[in-house]
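Enquirer: Quick one, what's the 3D model for this:
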Amino acid sequence: MNNKAGSLLWNLKQFRTFVPTSRTMRLYPLGLCKPKIVYSDWNTLNDFHKRMQSSGIIRYLFQDAFILKSDVGFQKKGMSTVTALRIDRLLCARRLSFDSKQSLVSVDKSNDGLKKVNFHHEVSNEDVLNNETKPNRISNSTLSQECNSLSDVLDTFSKAPTFPSSNYFTAMWTIAKRLSDEQKRFEKQLMFSHPAFNQLCEHMMREAKIMQYKYLLFSLHAIVKLGIPQNTLLVQTLLRVTQERINECDDVCLSVLSTVLEAMEPCRNVHVLQAGFRILADQQVWKIEDVLTLQAVMKCIGKDAPNALKRKLEMKALKELDRFSVVNSQHMFEVLAAMNHRSLILLNECSKMVLGNIHGCPLKIMINILQSCSDLRYYNLDLFKGLADYVATTFDIWKFKKVLFLLISFENLGFQPVDLMDLFMKRIVEEPESLNMKSIISILHVYSALNHVYKCQNKEQFLEVMASALTGYLHCISSKNLLDAVYSFCLMNYFPLAPVNCLLQKNVISELLTSDDMGKNVHKLHILDTCLKLDDTVYHNDIDLSLPQLPQEPPSLPNTKVTEVLSSLLGGEGHFSKNVYLPHNYHIDFEIRMDTNRNQVLSLSDVDATSVTDIQRVAVLCVPKSAYCLGSTHPRGFLAMKMRHLNAMGFRVILVNNWEMDKLEMEDAVTFLKTKIYSVEALPAAAVNLQST
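Expert: All right, here's what the predicted structure looks like:
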């Protein structure tokens, strides 16, 4: 006891020595303090010392807390002025955060109108303000439920502002998401003109350094989404504070910050924040526990992030693969596309999970998956077939527009879902009223690019319905869309009179030749001109569109393997020609001239001595995989049209697949081309068996 009493007396002596002044602070409703120093005499401190001894609470004086003096408090204009004694260090505005748990004091009001100090062991700084000086704190969820408009939120703020101001911005964004586009536009105009809006922005900037970091990020995201210009002082201030406090990020903040960066436009402060985010992600990647947070971080780091960081995030995702839900697997495609990282292991595993849980998968998710596969150049036939078969099986439940979007995605990948496209053609024939101008252009592009109407049973009905629907929009269609539609019809060897006649008008051609896309337009017009001259149409062959000449492509190197095989098979390079340019801007890799029975190859020197009617011209085309539909040997639209036109010019066409030829040994390659070039009668028995096989 003697030791404790001695320690207490020593502490009191130190207190009297080091506390010559007291501090008067104005506590605003938002909790921001403006300290004002007032001098007091030693008698006041002695009286305070005696009262504290009698109350038995002297033990709290040395615990880094501030004490409110009860007999000097008063109110003025909505503010409370109280005196706080400095114990061992000054109290600054950053320390007066409502999130702090260091304050040990709460203030009540006694019956005689004076403020009485009640001490508790654990209270928050919010309790420092009484009911008269600080309104009850209101959450953003309560605000969004009680208010019906953005102006209602601002009215609530103007009546009784509470800390933090982020709640008001978050509530306004929550309300705005419930509104239609027109309502949202009108409400934003009212928000900007509201008298309390500027005041709320000022409060937000003042509180940015003391509110919790996650609330700062929530408010920044809401402010950007509400359409407040990014070059304003408010947004730039919040960006700078976000940069300064980025080390306070936890898992939740990483997820929110990634969403904020995704919503913002590029600028200097955003670039700096993005760089800081990447450094933080690199440091905390192994500490991330939530899969959705990990995916948000991966999506946000950007395509130009260092490859080392991308691989580290990939390894973290592989480590968490057994925790992936179906939604995580579906979302992973978009995440990898956003960071431009083609992880085959992740894509393959997520594809299996998507196919295993395909029932109930929204069509929007399927479209996102296919778009991501196209961006990543990831071609998984099992995945594409599974998605197409599922939609074909449940075809009746899907809307016309959504199925069209899915077909467009398949066409971008070069994949031909035969059953689904047949069902869609049938619906078009049965429901032509569902077509509009945009859907007509898209449908014609998909079916012509994939060459789907080549052997379809209802081909004629489908083409007639599409031509009739296009004719109905000729009065309002643009020249560009009309050219695209007619070009698609040309690929499908169909020439509707009304659209073609409309396109051949001089003013339409002139407009197309002076537009920004003149190069593409000239190419398509040349295709139209070639089709009108070579295909079986009702138009005269002497139609001249007076088009500018296309630039001739530089001569490409012929396939070395095929050159060697032909030289070995035919007895030297004198029996075939390489890189042959034909009329109508066509090019073939090799040309061989044979007798009409396909028994003998003629050398180039013997051709002039032979009658033209006795010669069979053979065009050998070396074809890449991209010229076929994915996973098949079904030629796509342009290759099919080229074969059709070469036949019209008197050629017999032989297709040689580059990737297959490269795999064959020289002897097998010679046998393969021999069965392609010569007739069955001219081949030995072994070659005939190989051809049948």
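Enquirer: what about the strands in this protein?
Expert: For the chain, applying DSSP state E gives strands covering 21-27, 33-39, 67-68, 74-76, 79-85, 105-109, 115-119, 577-582, 586-595, 601-602, 615-623, 651-657.
Enquirer: List the buried residues in the longest one.
Expert: Taking 16 or more other C-beta atoms under 10 Å as the neighbour-count basis, strand 586-595 is seen to contain the buried residues 586, 588-594. (Glycine included, C-beta is placed from N, CA and C.)
Enquirer: Tabulate those residues (a markdown table), appending distance to Phe163 and pLDDT.
Expert: Formatted as a markdown table, these follow (distance: C-beta to C-beta, whole Å; pLDDT from 0 to 100):
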| residue | distance to Phe163 | pLDDT |
| --- | --- | --- |
| Tyr586 | 75 | 91 |
| Ile588 | 77 | 92 |
| Asp589 | 75 | 91 |
| Phe590 | 80 | 92 |
| Glu591 | 83 | 92 |
| Ile592 | 86 | 92 |
| Arg593 | 90 | 91 |
| Met594 | 91 | 88 |
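Enquirer: give me the number of residues near the nearest residue to His587 once chain neighbours are set aside?
Expert: Spatial nearest neighbour of His587, excluding adjacent residues (C-beta to C-beta, 6 or more residues apart in numbering): Tyr581 at 5.4 Å. By the criterion of other C-beta atoms under 10 Å, Tyr581 has 11 neighbours.
Enquirer: ok, Ile223 - contacts?
Expert: Ile223 makes contacts with 169, 204, 234-235, 238, as judged by C-beta atoms under 8 Å, 6 or more residues apart in numbering.
Enquirer: Check the residues you listed against Thr393 and report the nearest one.
Expert: Phe169 (46.8 Å; C-beta to C-beta).
Enquirer: Next, count neighbours for the closest one.
Expert: By other C-beta under 10 Å, neighbour count at Phe169 equals 28.
Enquirer: Please report how far it lies from Leu234.
Expert: 10 Å (C-beta to C-beta, to the nearest Å).
Enquirer: what do these two both touch?
Expert: 204, 223.
Enquirer: who's in contact with the spatially closest residue to Cys476 that is not a sequence neighbour?
Expert: Excluding its sequence neighbours, the residue lying closest to Cys476 (C-beta to C-beta, 6+ apart) is Met437, at 7.5 Å. Shown in contact with Met437 (C-beta under 8 Å, 6+ apart): 473, 476-477, 481.
Enquirer: ok so, going back, and the residue nearest to His587, what pLDDT?
Expert: Listed pLDDT for Tyr581 reads 88.
Enquirer: That one is in contact with Glu591, isn't it?
Expert: No - using C-beta atoms under 8 Å, Tyr581 is not in contact with Glu591, being 10.4 Å away.
Enquirer: So which residue is dead centre in this structure?
Expert: In the chain, the centroid-proximal residue (C-alpha atoms, centre = their mean) is Ala338; its distance is 6.2 Å.
Enquirer: show me what contacts the residue nearest to that one when sequence neighbours are not counted?
Expert: Closest residue to Ala338 apart from its sequence neighbours, by C-beta to C-beta, 6+ apart: Lys299 at 4.3 Å. When contacts are counted by C-beta under 8 Å, 6+ apart, Lys299 touches 258, 262, 334-335, 338-339.
Enquirer: Apply the buried test to those and list what passes.
Expert: So, by 16+ other C-beta under 10 Å, the buried ones in these are 258, 334-335, 338-339.
Enquirer: Outline the domain layout of this protein.
Expert: 2-128, 560-692 (automatic domain parsing).
Enquirer: where does the stretch 551-693 of the chain have low pLDDT?
Expert: For the stretch 551-693 of the chain, residues meeting the criterion pLDDT under 70 lie at 552-555, 606-613, 680-693.
Enquirer: And the helices in it?
Expert: Per DSSP state H, counting those that start in this stretch, the stretch 551-693 of the chain carries helices over the ranges 560-570, 637-648, 658-663, 666-677, 685-692.
Enquirer: Mind putting the ones you listed into JSON lines with distance to Asn380 and mean neighbour count?
Expert: Listed next are the helices of the stretch 551-693 of the chain as JSON lines, based on distance: least, C-beta to C-beta, whole Å; neighbours: other C-beta atoms under 10 Å:
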{"stretch": "helix 560-570", "distance to Asn380": "29", "mean neighbour count": "17"}
{"stretch": "helix 637-648", "distance to Asn380": "24", "mean neighbour count": "18"}
{"stretch": "helix 658-663", "distance to Asn380": "18", "mean neighbour count": "13"}
{"stretch": "helix 666-677", "distance to Asn380": "29", "mean neighbour count": "17"}
{"stretch": "helix 685-692", "distance to Asn380": "32", "mean neighbour count": "12"}
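Enquirer: Can you say which of those helices is nearest to Val418?
Expert: Across these, closest to Val418 is helix 637-648 (C-beta to C-beta), at 15.4 Å.
Enquirer: Check the gap between Glu667 and Leu673 for me.
Expert: From Glu667 over to Leu673 (counting by C-beta to C-beta), the distance is 11 Å.
Enquirer: need the contact list for Asn647.
Expert: Asn647 neighbours (C-beta under 8 Å, 6+ apart): Val653.
Enquirer: In the contacts of Lys299, which has the lowest confidence score?
Expert: Glu262 (88).
Enquirer: Without its sequence neighbours, what residue ends up closest to that one?
Expert: Cys300 (5.9 Å).
Enquirer: What of Met421?
Expert: His452 (5.1 Å).
Enquirer: Tell me the pLDDT of that neighbour.
Expert: pLDDT, read off for His452, is 91.
Enquirer: what sits against it?
Expert: Here His452 is in contact with 416, 418, 421, 425, 446 (criterion: C-beta under 8 Å, 6+ apart).
Enquirer: Surely Thr293 is in contact with Ser255?
Expert: Yes - assessed by C-beta under 8 Å, Thr293 is found in contact with Ser255 at 4.4 Å.
Enquirer: of these two, who's got more company?
Expert: Set Thr293 next to Ser255 and count neighbours by other C-beta under 10 Å: Ser255 wins out with 22 against 18.
Enquirer: who touches the more buried one in this structure?
Expert: 290, 292-293, 296-297.
Enquirer: Emit the PyMOL select command for whichever of the residues you listed are buried.
Expert: Burial among the contacts of Ser255 is assessed by 16+ other C-beta under 10 Å; the matching PyMOL selection reads:
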select buried, resi 293+296+297
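Enquirer: Just put the contacts of Ser255 in TSV and tack on pLDDT and distance to His359.
Expert: Converted to TSV, the contacts of Ser255 look like this (pLDDT from 0 to 100; distance: C-beta to C-beta, whole Å):
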residue	pLDDT	distance to His359
Asp290	90	27
Leu292	92	23
Thr293	92	28
Ala296	92	27
Val297	93	31
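Enquirer: Can you get me a residue count around Ser351?
Expert: For Ser351, using other C-beta under 10 Å, the count is 22.
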